[in-house]
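K.L.:
Here is the input, now give the coordinates:
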Amino acid sequence: MSYVEVPGAKVPIRMWTDPASVEDVAMQQLRNVATLPWIKGLAVMPDVHYGKGATVGSVIAMHGAVCPAAVGVDIGCGMSAVKTSLTANDLPGDLSRLRSKIEQAIPVGRGMHGDPVDPGRVFGFPTGGWGDFWSRFDFVADEVKFRRERATKQMGTLGSGNHFVEFCLDESGAVWLMLHSGSRNIGKELAEYHMGQAQKLPHNQGLIDRDLAVFIADTPQMGAYRNDLFWAQEYAKYNRAIMMGLFQEVVRREFRKAKVSFDPVISCHHNYVAEERYEGMDLLVTRKGAIRAGSGDFGIIPGSMGTGSYIVKGLGNEKSFNSASHGAGRRMSRNAAKKRFSTKDLEEQTRGVECRKDSGVVDEIPGAYKPIEKVIDQQRDLVEVVAKLKQVICVKG
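P.N.:
All right, here's what the predicted structure looks like:
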């Protein structure tokens, strides 16, 4: 489908989904965003759903302002994927050992590395800029009660919630490695600190929703936020790169005889801010649950832990600010999913996937998410499908 335009106070709301299918609270959030004085455009992805301040699955373009809540608390969260030379015929019948080796190499949940990972010893890790990145840590908000030791030990770790590491097959039987994570606790603390700072500023006192508080260009507060924001986005990028390197090392060891080779890694943020230019105007484009889909840009749109995922290539549709959805999108909250589904339901919906099937991940059950095929179909003018993947192993936090 192409987009449907819904009237908004300052800008029209362009929606790549049926407005009637969007929950009322999410629709109200979109209308609230459209009232912001600095807004120049609002695009809504087919995986849209309620979030804090701004919906997940929205692209907000503003001139001279940025809203921390429209980025989200997991700054720089995103995806990485790589195609390997392995095929389905190389896999053992029992995948539990491989899942266990992945979990040993990549700490999950609240776990962290005992010692910081040495990137020089990680397969394929681009070490350029690494030293400069950590030298800038001292400029990250002093008020955030976060120790550098913890930040370094969490680098290269998965986290919990909807974060995952997967071993997948495409429709030709080729093996892909895929993972989803962000800036860990340091990103969350920085986000929450700056959201609080923004809410105190005088220009935000009359807003329709205090969670939509913004920083304005050429102010000390905006400078501080941009510094921490871009640092956290870089942290997330490095975090995924280290995990992918550790993942590749596991695969190389477990399939030593196959002498595994890897294509270039595809990586994309889906909670972030970018400086982009549209219609002759420099804008700060916030993608919260959305990926960049400029012409030729590779992206990753995952489903859930029991359904398919897609590797896509952007079509460069400027009506969406060169964006596309970041996944299937939730159709019910975590609490609702826990009330609705049982571990037996989880077992049925993840049949054929080597993964956790206990009560701790029932809120991630496929039934809690929108159908990924429909989400892809609704954005055919935003991306083209390069490959469809189906996981055979899913590691959850």
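K.L.:
In the chain, which strand is the longest?
P.N.:
As assigned by DSSP state E, the longest strand anywhere in the chain is strand 383-396.
K.L.:
Paired strands for that strand, with orientation please.
P.N.:
Strand partners for strand 383-396, identified by DSSP bridges, are recorded as strand 164-170 (antiparallel), strand 308-314 (antiparallel), strand 354-355 (parallel).
K.L.:
so which of those comes closest to residue 378?
P.N.:
The minimum distance between residue 378 and those falls on strand 308-314, with 12.7 Å, by C-beta to C-beta. C-beta here means a position set from N, CA and C on the backbone, and glycine is covered the same way.
K.L.:
wait, is residue 185 part of a strand?
P.N.:
No. Counting by DSSP: H, G, I helix; E, B strand; the rest coil, residue 185 is located in no strand; its state is helix.
K.L.:
now the closest residue to it other than its chain neighbours: how far from residue 122?
P.N.:
Excluding the flanking residues, the one nearest residue 185 by C-beta to C-beta, 6 or more residues apart in numbering is residue 154, at 6.3 Å. From residue 154 across to residue 122, the span is 15 Å (C-beta to C-beta, to the nearest Å).
K.L.:
For those two, work out which one has more neighbours and name it.
P.N.:
In this view residue 154 and residue 122 are compared by other C-beta atoms under 10 Å, and residue 154 has more residues nearby, 23 against 19.
K.L.:
So for the more buried one, what's the pLDDT?
P.N.:
Here, the pLDDT recorded for residue 154 equals 96.
K.L.:
isn't it right up against residue 109?
P.N.:
No. At 11.4 Å, residue 154 does not count as touching residue 109 under the criterion of C-beta atoms under 8 Å.
K.L.:
export the strands paired with strand 383-396 to TSV and tack on mean pLDDT?
P.N.:
As requested, those are exported to TSV (pLDDT from 0 to 100):
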stretch	mean pLDDT
strand 164-170	98
strand 308-314	97
strand 354-355	95
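K.L.:
Contact partners for the residue nearest to residue 185?
P.N.:
Counting by C-beta atoms under 8 Å, 6 or more residues apart in numbering, residue 154 touches 112, 113, 184, 185, 186, 239.
K.L.:
Now tabulate the residues you listed in a markdown table and tack on neighbour count and distance to residue 375.
P.N.:
A markdown table is the format used below for these (neighbours: other C-beta atoms under 10 Å; distance: C-beta to C-beta, whole Å):
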| residue | neighbour count | distance to residue 375 |
| --- | --- | --- |
| 112 | 19 | 33 |
| 113 | 16 | 35 |
| 184 | 28 | 27 |
| 185 | 16 | 29 |
| 186 | 26 | 30 |
| 239 | 28 | 26 |
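K.L.:
which residue sits closest to residue 197, ignoring its sequence neighbours?
P.N.:
residue 221 (6.1 Å).
K.L.:
Oops, could you answer that again for residue 124 instead?
P.N.:
Using C-beta to C-beta, 6+ apart, the closest residue to residue 124 is residue 245 (5.3 Å).
K.L.:
where's the one you found relative to residue 298, distance?
P.N.:
Residue 245 sits 19 Å away from residue 298, going by C-beta to C-beta.
K.L.:
Isn't residue 201 up against residue 220?
P.N.:
No. The pair residue 201 / residue 220 is not scored as a contact, 10.8 Å apart, by C-beta under 8 Å.
K.L.:
When those two are compared, which one has more neighbours?
P.N.:
residue 201 (15 against 8).
K.L.:
Relative to residue 38, how far out is that one?
P.N.:
Counting by C-beta to C-beta, the gap from residue 201 to residue 38 is 13 Å.
K.L.:
circling back: to residue 191, which of the strands paired with strand 383-396 lies closest?
P.N.:
Going by C-beta to C-beta, the one of those nearest residue 191 is strand 164-170, 21.3 Å.
K.L.:
Isn't residue 325 up against residue 46?
P.N.:
Yes. Using C-beta under 8 Å, residue 325 is in contact with residue 46, at 5.4 Å.
K.L.:
okay, and the common contacts of these two?
P.N.:
In contact with both residue 325 and residue 46: 16, 57, 375, 379, using C-beta under 8 Å, 6+ apart.
K.L.:
Mind checking which of these are in helices?
P.N.:
residue 375 (DSSP state H).
K.L.:
For the shared contacts of residue 325 and residue 46, work out which two are farthest apart.
P.N.:
Checking the shared contacts of residue 325 and residue 46 with C-beta to C-beta, the most distant pair is 57 and 379, at 10.9 Å.
K.L.:
got a pLDDT number for residue 29?
P.N.:
97.
K.L.:
do you know how far the residue nearest the centre of the chain is from residue 244?
P.N.:
In the chain, the centroid-proximal residue (C-alpha atoms, centre = their mean) is residue 78; its distance is 3.1 Å. Distance of residue 78 to residue 244, given as C-beta to C-beta: 12 Å.
K.L.:
and what of residue 338?
P.N.:
Residue 338 is 31 Å from residue 244, by C-beta to C-beta.
K.L.:
More neighbours: the two, which one.
P.N.:
Counted by other C-beta under 10 Å, residue 338 and residue 244 do not tie: residue 244 has more neighbours, with 26 against 15.
K.L.:
For the more buried one, grab phi and psi.
P.N.:
With angles defined as degrees, to the nearest 10, residue 244 sits at phi -60, psi -40.
K.L.:
for this structure, where's the lowest mean pLDDT among helices and strands?
P.N.:
helix 130-135 (a mean of 85; mean pLDDT, DSSP states H and E).
K.L.:
Restricting to C-alpha, output that helix in CSV.
P.N.:
Provided in CSV are the C-alpha atoms of helix 130-135 (Å, rounded to 0.1, in the frame of the first residue of the first chain):
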residue,chain,number,x,y,z
TRP,A,130,37.8,2.5,19.2
GLY,A,131,40.3,4.5,21.4
ASP,A,132,38.7,7.8,20.5
PHE,A,133,35.3,6.4,21.4
TRP,A,134,36.3,5.6,24.9
SER,A,135,38.3,8.8,25.4
